[in-house]
Every structure is written in C-alpha cells, then in structure tokens.
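Colleague: A predicted structure for the sequence below; I have some questions about it.
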Amino acid sequence: MRKPLISANWKMNKTIMETEEFINSFIPMVKDVKDVDILIAPPFTSLSAAAGLLKQTNITLGAQNIFYEEKGAFTGEVSPAMLLSAGCSSVIIGHSERRQYFGETDEIVNKKIKTARKNGLEVVLCIGESLKEREENKTFEVLERQLAGSLKDMTLEGITIAYEPIWAIGTGKTATKEQANEAHANIRAWLKKNREGADTLRILYGGSVTPETTAALMSQPEVDGALVGGASLKPDSFAQIVTNAGKQ
Ligand code: 13P
C-alpha cells in the first residue's frame, strides 16, 4: 500500500505575509489527517517563515527548484545546503514550466536530482507530454524519454514522480481518471523494467486538480496523490483536496 501524498506547488505566488496567513489557517484544518502525507512548496522567499510555522505539524516543506552545483559563482541560484538550512526536506524538479520557460533539459534535471539526493533531499520529479505530443500518440514515448534522461544513473530511493500533462496545467482541463491511470501505469511499467523499487514509488497526478476531481482521480489504483497548483492557494480548497484524498 502506498500512502497518498498531496503536494501544493504555489509557483510564483504568495509573499511571506500571505504564506504565514495561509499556513496559520491551514494547520488546524488538517491537523487530524493521518492517512495522507502533506507537502507544501512555497516560493524560496517564504521557505524559512513557513518552516518555522510547520515545525511539529503533519505538513512537510519543499522547494520548487534547486541548482545542481553545491556553491559558487551562480548568481540567483539556490543550493541544496541553502534549502536544507531553510527547513526543506523535499524539492520539486523538472516542472514543465521550468522546462518550457527556463530551458531545463532532461540532462539538467538529472544533474539537479543527483545533487538533491546526494544532500538528502527528497525529490518530486515532474514529467508530462504536450497536447501536440498526446495528439500524435507520442505520450508514452515522451514519458519514457523523460524518465530515462532525468533518472539516468539514479536509483528510485527518495524519488516521487509527478505526471503532469502540460495541456492540463492551469487550463481547467483535468485528465480523465482513466487517462491519468493509464499514464501512471505506463510510467510504473517502465520503472519496473529499468529500476528497483518501482512498486513502492508514489506517482502523483498534476493538472487542474480541484476538490471536486480529487476523489475520482484517487480511486485509480495507479494514482498515489496529487501535485496541486491553483487549487492549493486557498487553505480551505487545499484542505478539502487533502481530506478527499484520504477517503479512498
Ligand atoms: P494547476 O493545478 O494550477 O493546473 O497546476 C498544476 C501544476 O503545475 C502543479 O505543479
């Protein structure tokens, strides 16, 4: 049995004060949740404040990005030691927005994952196809290429996969539960063939997840949780997603 993981990716949203407001209202809403792991990934500037408030709670903290070098002349980048010292235990790597707007390739993603794991950070690796790729029936080919490239020379220890079809991100167009399950099953099949430990690895779905769509997605055997953007920005809506994920 894989314990569900519900993760918030706030992207470039929330100041420090807004982060504190969110967390202060969110903590009591989910304090009794035991059957779901909860992760919040605020922007870098809010990490330290969030970490202070999340101590002794059932909520863990993650960052949305990391650099692959440990330190040095890399203006604007953030190292694993910095994330650890800010209170993070996880990091999201390879989000499609990073790939699309900041030129992250599978090779860069692979270097980031290696550095994160070497420093003990858990990784949420994002993969997913574009609409064009889906329409051309290239979904599984793309996912396999991303998996092979991003996880080159890596074990699955400390890794969670987030399947995020690009066409479903921020569009209000959620993949159907069948589409999500099919993609997850393909991801797991590839991992089983190529790596140890694929049975216990969690595969999250991301792309326009809402409180209303959570239960159906979570009813699928291969869907182990969600990576939530827009609907994670309000405490009550994110808490509802967490609660609905636990009812399966
Ligand atoms: P939305 O939930 O806003 O579609 O974003 C999904 C996402 O990209 C999470 O990482």
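Modeller: It's in.

Colleague: out of everything not next to it in sequence, what's closest to the residue in the chain that the ligand sits nearest to?
Modeller: The ligand sits closest to Gly229 of the chain, with a gap of 2.3 Å, by C-beta to the nearest ligand atom. C-betas here are computed from N, CA, C, even on glycine. The shortest distance from Gly229 to any residue that is not its chain neighbour, by C-beta to C-beta, 6 or more residues apart in numbering, is 5.4 Å, and that residue is Asn9.

Colleague: Residues in a beta bridge with that neighbour, which ones?
Modeller: Using DSSP bridges, the beta-bridge partners of Asn9 come out as Ala41.

Colleague: Count the neighbours of it for me.
Modeller: Other residues within reach of Asn9, judged by other C-beta atoms under 10 Å, total 26.

Colleague: Contacts only, for the most far-flung residue of the chain relative to its centre.
Modeller: The C-alpha centroid of the chain is most remote from Ala73, which lies 28.2 Å away (C-alpha atoms, centre = their mean). Remark: with contacts taken as C-beta atoms under 8 Å, 6 or more residues apart in numbering, Ala73 is in contact with nothing.

Colleague: Would you state the helices of this protein in chain order?
Modeller: According to DSSP state H, the chain carries its helices in the segments 16-30, 44-54, 80-85, 96-102, 106-118, 131-135, 139-150, 177-194, 211-218, 235-246.

Colleague: And the third one, what does it pack against?
Modeller: Contacts defined by 3 or more C-beta pairs under 8 Å, 6 or more residues apart in numbering; DSSP states H and E place helix 80-85 against helix 106-118.

Colleague: Out of the helices of the chain, which is closest to Glu164?
Modeller: Proximity to Glu164 (C-beta to C-beta) singles out helix 96-102 among those, at 6.0 Å.

Colleague: can the closest one be found next to the ligand?
Modeller: No - using C-beta under 6 Å from any ligand atom, helix 96-102 stays clear of the ligand, coming no nearer than 6.9 Å.

Colleague: Which positions in that helix come out as buried?
Modeller: For helix 96-102, the buried set under the neighbour-count rule, 16 or more other C-beta atoms under 10 Å, comprises Ser96, Glu97, Arg98, Arg99.

Colleague: Which residues of the chain lie near the ligand?
Modeller: Applying C-beta under 6 Å from any ligand atom, we find that the chain lies next to the ligand at 9, 95, 164, 169-170, 206-209, 227-231.

Colleague: Which of the residues you listed fall in strands?
Modeller: With strands taken from DSSP state E, the overlap with the residues of the chain next to the ligand comprises Asn9, Gly206, Leu227, Val228.

Colleague: Can you flag the buried ones in the residues you listed?
Modeller: If you count burial by 16+ other C-beta under 10 Å, the buried members of those come out as Asn9, Gly206, Leu227, Val228.

Colleague: Quick check: the last one touching Trp10?
Modeller: No - with contacts counted by C-beta atoms under 8 Å, Val228 stays clear of Trp10, the gap being 9.5 Å.

Colleague: how about Ile16, what does it touch?
Modeller: Per C-beta under 8 Å, 6+ apart, neighbours of Ile16: Thr45, Ser46, Ala49.

Colleague: Show me what Glu122 is bridged to.
Modeller: Counting by DSSP bridges, Glu122 is bridged to Ser90.
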